[in-house]
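Asks: next come a sequence and a model predicted from it.
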Amino acid sequence: MNPPRFLDFDAAALPAHGGAYADIHAGRLTGAVVRNALPPDLVARAVAALTNSTAWTSPNRGMRGGEIRTIGDAATPTFTFLRGPPEEVYAQSAAAHAERTASVFGDADEAMTQVRGLLSGLAGGRPAAPPAFDEQHTWPAFNFRALDPGEQIFTHHDNHFGLGVYRHLDPAFDRGTLVSFFFTLQAPVSGGELIVYAAKGDDPDVPRLPTRFLDTAAIEANYPAARITLGAGDLVIFDAGRQVHRVGPVGGDRPRLTFGGFSTLATDGSRLAFWG
Ligand SMILES: O=C(O)CCC(=O)C(=O)O
Ligand SMILES: [Fe+2]
């Protein structure tokens, strides 16, 4: 079993890593961390807006220790929508994306330009954009997440193409894996690290509890892991579709703030799609 392998480099070195995305997508590399990927003033503006925002929702309300707050619906299962958001709910979130992004960053274009440029750079200059959702809208590019002290993201892998909302994803895009990306806006005082295991989510031997949830203690004991500590402005992308991972409990007195989503390549390799 190969231990997870991550590249870790400063944004200034991005031009030397144009093969990273394709390596992750193909399963040759677990992931990449791009340090200082976002301008500090863009990050500071977002933290101030998110700290004061009244737009937060709690899609996992009632999940003890896993009550992530979000702005913008995620195309994933939640306690509220076990099979992912209904298409009309997600379509509304898509319609509101530009306004939502502007209200967080002060300007929707600057953040979008940064995200597109970074993902495109990791993919050797392939165009990177949210794909069409319906005739009027593209998929939302990302959503915002807060983990309050004591909360975590439990062990999972992100294989969401079976959810109903993915009927809207152009079949020209590859569904063999799904590559997660997220930016840290506010690091927690302690904890909140990303832990990626050598375990694959579709492996029938991966330890599970009688409830069928992944058995974190057994996975922790039996598989090598990469533990990744992220600072404000850092980007991480990784093979979340295949590799089992989690976010450790947040310590200290301030929330961990991130924004991100998922991505894949066109089957013909020509472009990259990302959505939140
Ligand atoms: O910390 C986050 O924002 C999400 C972590 C995660 O599970 C993912 O990116 O797939
Ligand atoms: Fe994930």
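Replies: Thanks, I have it. Ligands and ions are numbered 1, 2, ... in the order given.

Asks: what residues does the stretch 1-150 of the chain have near ligand 1?
Replies: R145 (C-beta under 6 Å from any ligand atom). For the C-beta atoms, the positions are set from N, CA and C on the backbone; glycine is no exception.

Asks: can you give me the helices in the stretch 1-150 of the chain?
Replies: Assigned by DSSP state H, counting those that start in this stretch, the helices in the stretch 1-150 of the chain fall at 20-25, 40-52, 87-95, 97-105, 108-122.

Asks: quick check: which of those is nearest to L14?
Replies: Of all the helices of the stretch 1-150 of the chain, the one in closest proximity to L14, counting by C-beta to C-beta, is helix 108-122 (4.6 Å).

Asks: grab the CA positions of stretch 200-218 and hand them over as PDB.
Replies: Extracted C-alpha coordinates of stretch 200-218, given in PDB (Å, rounded to 0.1, in the frame of the first residue of the first chain):
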ATOM      1  CA  LYS A 200      -9.700   3.800  -1.000                       C
ATOM      2  CA  GLY A 201     -13.400   4.400  -0.400                       C
ATOM      3  CA  ASP A 202     -14.500   1.700  -2.900                       C
ATOM      4  CA  ASP A 203     -12.200  -1.000  -1.400                       C
ATOM      5  CA  PRO A 204     -14.500  -3.700   0.100                       C
ATOM      6  CA  ASP A 205     -11.900  -4.400   2.800                       C
ATOM      7  CA  VAL A 206     -11.800  -0.800   4.100                       C
ATOM      8  CA  PRO A 207     -12.900  -1.100   7.800                       C
ATOM      9  CA  ARG A 208     -16.600  -0.100   8.400                       C
ATOM     10  CA  LEU A 209     -18.700   0.000  11.500                       C
ATOM     11  CA  PRO A 210     -22.000  -2.100  11.700                       C
ATOM     12  CA  THR A 211     -23.800   1.200  10.700                       C
ATOM     13  CA  ARG A 212     -21.700   1.000   7.400                       C
ATOM     14  CA  PHE A 213     -20.000   4.300   8.300                       C
ATOM     15  CA  LEU A 214     -16.200   4.200   7.800                       C
ATOM     16  CA  ASP A 215     -14.400   3.000  11.000                       C
ATOM     17  CA  THR A 216     -12.000   5.900  11.700                       C
ATOM     18  CA  ALA A 217     -10.100   4.200  14.600                       C
ATOM     19  CA  ALA A 218      -9.500   1.000  12.500                       C
END
